[in-house]
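Student: sharing a sequence plus its predicted fold:
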Amino acid sequence: KAGVTQTPRYLIKTRGQQVTLSCSPISGHRSVSWYQQTPGQGLQFLFEYFSETQRNKGNFPGRFSGRQFSNSRSEMNVSTLELGDSALYLCASSFQGTGEEEAFFGQGTRLTVV
Amino acid sequence: AQRVTQPEKLLSVFKGAPVELKCNYSYSGSPELFWYVQYSRQRLQLLLRHISRESIKGFTADLNKGETSFHLKKPFAQEEDSAMYYCALLNSGGYQKVTFGTGTKLQVIP
């Protein structure tokens, strides 16, 4: 079965712009989580969606937002981009999003802000 | 607040030598702990979780609540074990709000 798909794979944006990243979970998975990965901070949790509802949120500013559609696909939006937003953005999906399940990760979207 | 600490950024061992990747956590409740691995140019993937008490690819990890540790061990390192390893904590009873450590790069020298 197809894995978690993230698009685009690479993105270059200018400071002040906004960006939307997409994540298509494994078929049947209803939980989608987003993470930011940087060399300095490692993997940091952004938010988690389940059945179109945000259930958990990490400690990121309001410029970072997301949503989930009825087919469980999720998008993440970052507005007013800053240089520090340059990172690899990963999404992960699972059936219910509980600790008993394995979360499967996508290959990520590499965002570069110039 | 929950926290995961991996004190070593890089660990280099010779092939056949024992490996121990350290992980310490801070969490007030009953934690669920995991090890994730990322091989070169591959996706992050689950290696093992403490609730399963399993051995995957020769790796084991024991949860020590007294020392708040969840170290990853393997008696004999193989070259294919070279990768980034992340320790992660999920708040018990919670959903996928996972706290990751900063990762340790394991380099197995042939």
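Tutor: Okay, I see it. Being a predicted model, the structure only gives us computed values, none of them experimental.

Student: so what's the spatially most central residue of chain A up against?
Tutor: Residue closest to the average C-alpha location in chain A (Cα atoms, centre = their mean): A:Trp34, at 3.2 Å. In this structure, A:Trp34 makes contact with A:23, A:45-48, A:66, A:74, A:76, A:89-91, judged by Cβ atoms under 8 Å, 6 or more residues apart in numbering or on different chains. No exception for glycine: its C-beta is placed from N, CA and C like everyone else's.

Student: could you pull out the strands for chain A?
Tutor: For chain A, the strands defined by DSSP state E cover A:5-7, A:10-13, A:19-24, A:31-38, A:42-50, A:53-57, A:64-68, A:74-78, A:87-94, A:104-105, A:109-113.

Student: quick one, grab the pLDDT at the nearest residue in space to B:Pro7 that is not next to it in sequence.
Tutor: Closest residue to B:Pro7 apart from its sequence neighbours, by Cβ to Cβ, 6 or more residues apart in numbering or on different chains: B:Lys22 at 5.5 Å. The score at B:Lys22 is 97. That number is its pLDDT.

Student: again, but for the one 4 residues further on
Tutor: Looking at B:Ser26, its pLDDT is 92.

Student: again with the one 3 residues further on
Tutor: Note on B:Gly29: pLDDT of 78.

Student: can I take it that it is in a helix?
Tutor: No - per DSSP: H, G, I helix; E, B strand; the rest coil, B:Gly29 lies outside any helix segment and is coil.

Student: neighbours of residue 83, how many?
Tutor: If you meant another chain, say so; for now it's chain A. As a burial measure, A:Leu83 scores 9 neighbours (other Cβ atoms under 10 Å in any protein chain shown).

Student: that's the wrong chain, I wanted chain B
Tutor: So B:Ala83, with other Cβ under 10 Å, has 20 neighbours.

Student: contact partners for it?
Tutor: B:Ala83 neighbours (Cβ under 8 Å, 6+ apart): B:37-40, B:105-106.

Student: just put those in a markdown table and tack on pLDDT.
Tutor: A markdown table is the format used below for these (pLDDT from 0 to 100):
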| residue | pLDDT |
| --- | --- |
| B:Val37 | 95 |
| B:Gln38 | 94 |
| B:Tyr39 | 95 |
| B:Ser40 | 92 |
| B:Lys105 | 96 |
| B:Leu106 | 98 |
